[in-house]
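*Asks:* got a sequence here, can you build the structure:
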Amino acid sequence: MSEQSLPDEARARYAGAPPEYAERVLEVAELIPPGRVMTYGDVAEWLGEGGPRQVGRVMSLYGGGVPWWRVVRADGVLLPGHELRALDRYRAEGTPLREAGRAAGGHLPRIDLRRARWDGGGRAEGHT
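*Replies:* Got it, this is the predicted structure:
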């Protein structure tokens, strides 16, 4: 769901600056190096607050100004509706990908989380 699809009263609530939690999620997304990813759950765990759904909601409402393609689903499947845009970014950044399996009909690859996952590189200690 995008901010544009929200009812008028909800859109007005989100029209200003993002809430503090959203700001923190977006800060984490900006820290992820090119070619690396964190899952929604990884971001929540790194912050010590919220969960994958809350992080996903923040990214859907406010993530357009940060490297949104670096915050991914835990199964490595590309974000529905944004697959081709994300795939272009992954290829440009050298993000490790796994070729699509037979079940996927040989279509889009998945992110190779074993190789692409970023753990914060020890920067979490000083993060608020």
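*Asks:* quick check: what element follows the least confident helix or strand in the chain by mean pLDDT along the chain?
*Replies:* Sorting the helices and strands of the chain by mean pLDDT, DSSP states H and E puts helix 8-14 at the bottom, at a mean of 51. Per DSSP states H and E, helix 8-14 leads on to helix 20-31 as the next helix or strand towards the C-terminus.
*Asks:* show me what that next one is packed up against.
*Replies:* helix 40-47, helix 52-62 (3 or more Cβ pairs under 8 Å, 6 or more residues apart in numbering; DSSP states H and E). (Each C-beta comes from the backbone N, C-alpha and C, glycine too.)
*Asks:* which of those helices sits closest to L87?
*Replies:* helix 52-62 (17.4 Å; Cβ to Cβ).
*Asks:* any idea how many residues pack against L97?
*Replies:* 18 (other Cβ atoms under 10 Å).
*Asks:* for the remainder of this discussion, apply numbering that starts at 14.
*Replies:* New numbering, starting at 14: the last item is L110.
*Asks:* phi, psi of the closest residue to it other than its chain neighbours?
*Replies:* Once flanking residues are discounted, L110 sits nearest to P122: 4.2 Å by Cβ to Cβ, 6 or more residues apart in numbering. Dihedral pair for P122: phi -70, psi 170, per degrees, to the nearest 10.
*Asks:* remind me which residues of the protein are low pLDDT?
*Replies:* Applying pLDDT under 70 to the chain flags residues 14-30, 114-119, 135-141.
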